[in-house]
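Participant: Dropping the sequence and predicted coords here.
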Amino acid sequence: MMATPAVDIRGITKRFDDVVAVDAIDMHIADGEFFAMLGPSGCGKTTTLRMIAGLEFPTEGSLRIFGEEVGTLPPNKRPVNTVFQSYALFPHMNVLDNVAFGLRMNGVNRATARQRASDMIALVRLAGMENRRPAQMSGGQQQRVALARALVNEPKVLLLDEPLGALDLKLRQDMQLELKELQRRLGISFVFVTHDQEEALTMSDRIAVMNNGQLLQVGTPEDIYERPANRFVADFIGTTNLLDATIVDTTTVCLSNGTRVAARSSYSAGTAVAICLRPERARVVDGNDSHESRITGVVETVTYIGNARVYTIRCDWMHLRVREDNRPGTAPRATGDEVTVTWDIDAVTVVAE
Amino acid sequence: MTNTDTSPDDTDQPPPVAAATPAFEAAAIRAASRRGLFMALPAYVYLVIFFAVPFAIVVVYSFATRTRTGGTSLSGWNLNSYRRLGEQIVRDVLWRSLGLAILTTIICLVVAYPFAYYMTIVSATTRNVMLILVMIPFWTNFLVRNYAWRLLLSSGGPLSSVTETIGLGETDLLFTKTAVVIGLVYSFLPFMILPLYASIERIDHSLIEASRDLYASGSQTFRRVVLPLSMPGVIAGSILVFVPSLGAYVTPDILGGGKEVLLGSYIVTQFGTARNFPFGASLSVVLMVVMLTATVAYFRQGGRNL
């Protein structure tokens, strides 16, 4: 038998008046898992997180935390804590009182609460800042206080609502690793909301991709990237070339310009699909290659990004992006070169609408 | 027509500007402050003529001597009228007024807080209706409003009929301390509601959510988060109610019937029937000092928190 999931969401719907924010989703988050909810703004990921926290109640469906139905239980009665997007640190309290707040509200005596709060402040590397007010700290430091304030309560699930959104790039990358490390050490589930697909891929054990209140795909970063469930996921995760096509048989599709190329799928012949060709999976070869999947075109732009070159190649009906790693021996192409873009049958994925 | 415009091609130098030296900046600040003074001049003139000068006269009178005939002799400066502040009857008046002002402030606070809080959580339409309801009394004459209360509270008035109908017997609140407090609370309630609303409205809602998320109940969240963060509004509103309540004259006179002597009417008596200008003046100075202290405290608080 499977272990009880940390969070078990079944048929959850949330309506605000007549707007459906979350539409009948099912989701299971395992204990000790780093789980990301990813999607563009307004996709329902934050609403889902807030329902787990108890800050919104579902209109329909069942929500269990470690087997206990929590549907309309207020937030203070749930074994979860949240790191808010804006951090929501209490401006009238110093760092120590902010971090000790949850313990005090839980009936822990003052001395113990202070001791545990200081320990947690040290853990997030803010020792010595106990008496500062949030306003006297940098964004990164406030972020750590918010993290300490949630973790000191030893929640069974930690909810994070775009906690890195307000940080600059370098700090964000450092915090990504730090969060991941913290989660591994604590062994509890982290449920992380983000609109940044790279962040989700870097940090998560599994990712749920959402759009328009619907859950499109749940899977490991590899699943999501390599085997996107549909066109939206393929487009949203990473950079990709989506080529409209029609299924011919299980190993061949016909592109919209009539070219037949190799791609595996189980759709019936005649289905309209798109093939997803990642820029790094395609190859640029000289003009007259005899590879079975090929499109000819002209190099329109060359972008040098240090470790690779990204070419935009104009074919007769679309543009393709191809990324070529900067290895010794690769001959750079120049604007105007006539080239052929090729790929292996396993390099592309077929996605339906 | 000659073209005096300088096209961007003619010069790649920015137009010459005065160097931003400290002296230049200081001169700019002085110029800005001169302009500010010029614009504020009418207000300054008005305040000097109608506030500073009369107040100075009151201060001067408070050190003067009352003549036998009830006139005021502007010689032989003394502290006699201040010494009278220690008399039992005067102390009674002061304490009674202070108690009434504090009671009015507390009642206003208790009534206004839930109202102001509610205003922050309802829709914009409801909020506007509530704001208008708060403001309407302001557009009605102060005396008319007080006389209206006189009708409402009198024996045989609407309030009395209601209590009689539900079997509580006749009520006759008019000319009691209760009537005065009711009138004062009614008059000054908007001064409490508006600053409270402004400060509660400014509280980031996610702080309340964070508090609930960190195991605080609704009432703990109110005590630990909402109330402390709305303190600037509590202080501002309290001062705005306390100060006019302390010196109130019209309401205690109309609704209290002048039975219990309060500071406002006591001062009026000194300048009127008692014809003791120096003593009236010293009472006024005491009142002014209390009010100014409260106001300065308010702005100090405002400088830090608002």
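Facilitator: Nice, thanks for sending it over.
Participant: which stretches of the chain aren't confidently modelled?
Facilitator: Going with chain A. A:1-2, A:287-290 (pLDDT under 70).
Participant: my question was about chain B
Facilitator: Within chain B, the stretches with pLDDT under 70 are B:1-20, B:301-306.
Participant: what does chain A put close to chain B?
Facilitator: Within reach of chain B by CB under 8 Å from any CB of the partner chain, chain A has these residues: A:53-55, A:74-76, A:80-82, A:84-86, A:88-92, A:101-102, A:105-106, A:149-150, A:153. In short, each C-beta sits where N, CA and C put it, glycine included.
Participant: Among these, which are located in strands?
Facilitator: Among these, DSSP state E puts A:80, A:81, A:82 in strands.
Participant: Residue of the stretch 51-200 of chain B nearest chain A, please.
Facilitator: residue B:123 (11.8 Å; CB to the nearest CB).
Participant: Quick check: the gap between that residue and residue B:129.
Facilitator: Residue B:123 sits 10 Å away from residue B:129, taking CB to CB, to the nearest Å as the criterion.
Participant: Over to residue B:141?
Facilitator: From residue B:141 to residue B:129 the distance is 23 Å (CB to CB).
Participant: Pick out whichever of the two has more residues nearby.
Facilitator: Taking other CB atoms under 10 Å in any protein chain shown, residue B:141 and residue B:129 do not tie; residue B:129 has more neighbours (13 against 9).
Participant: can I assume residue A:23 sits in a strand?
Facilitator: Yes. Assessed with DSSP: H, G, I helix; E, B strand; the rest coil, residue A:23 lies in a strand.
Participant: can you tell me which residues contact it?
Facilitator: By CB atoms under 8 Å, 6 or more residues apart in numbering or on different chains, the residues touching residue A:23 are A:13, A:44, A:212, A:213, A:214.
Participant: buried ones in the longest helix along chain B?
Facilitator: In chain B, taking DSSP state H as the definition, the longest helix is helix B:88-121. Judged by neighbour count using 16 or more other CB atoms under 10 Å in any protein chain shown, the buried positions of helix B:88-121 are B:90, B:93-94, B:96-98, B:100-101, B:103-105, B:107-109, B:112-113, B:115-117, B:119-120.
Participant: phi, psi of the residue in the stretch 151-300 of chain A positioned nearest to chain B?
Facilitator: Nearest residue of the stretch 151-300 of chain A to chain B, counting by CB to the nearest CB: residue A:153, 7.0 Å away. Backbone dihedrals for residue A:153, given as degrees, to the nearest 10, come out at phi -80, psi 0.
Participant: Mind checking what secondary structure residue A:273 has?
Facilitator: Classified using three-state DSSP, residue A:273 is strand.
Participant: beta partners for it?
Facilitator: Note on residue A:273: beta-bridge partners by DSSP bridges are residue A:245.
Participant: contacting residues around it?
Facilitator: A:244, A:245, A:246, A:247, A:253, A:265, A:267, A:350, A:351, A:352, A:353.
Participant: Figure out how far the helix or strand that contains the fifth one is from the centre of its chain.
Facilitator: Take DSSP states H and E as the rule and residue A:253 turns out to sit in strand A:252-255. Using CA atoms, centre = their mean, to the nearest Å, the distance from the centre of strand A:252-255 to the centre of the chain it belongs to is 31 Å.
Participant: residues of the helix or strand just after that strand that come out buried?
Facilitator: Downstream of strand A:252-255, the next assigned helix or strand under DSSP H and E is strand A:260-262. Within strand A:260-262, the residues that count as buried by 16+ other CB under 10 Å are A:261, A:262.
Participant: what does strand A:260-262 rub up against?
Facilitator: For strand A:260-262, using CB under 8 Å, 6+ apart, the contacting residues are A:245, A:248, A:251-255, A:275, A:292-295, A:344-345, A:348.
Participant: Any idea which residue is closest to the centre of chain B?
Facilitator: residue B:240 (2.6 Å; CA atoms, centre = their mean).
Participant: How far away from the center of its chain is whichever strand or helix holds that residue?
Facilitator: Using DSSP H and E, residue B:240 sits in helix B:231-246. The chain centroid and the centroid of helix B:231-246 are separated by 6 Å, computed with CA atoms, centre = their mean.
Participant: Which elements pack onto the following helix or strand past that helix?
Facilitator: Using DSSP H and E, the helix or strand that follows helix B:231-246 towards the C-terminus is helix B:250-256. Helices and strands touching helix B:250-256, by 3 or more CB pairs under 8 Å, 6 or more residues apart in numbering or on different chains; DSSP states H and E, are helix B:142-153, helix B:177-201, helix B:263-271.
Participant: Next, the buried residues of helix B:250-256.
Facilitator: Buried, per 16+ other CB under 10 Å, within helix B:250-256: B:251, B:252, B:253, B:254, B:255, B:256.
Participant: so which of those comes closest to residue A:38?
Facilitator: Proximity of the buried residues of helix B:250-256 to residue A:38 (CB to CB) peaks at residue B:251, which lies at 63.3 Å.
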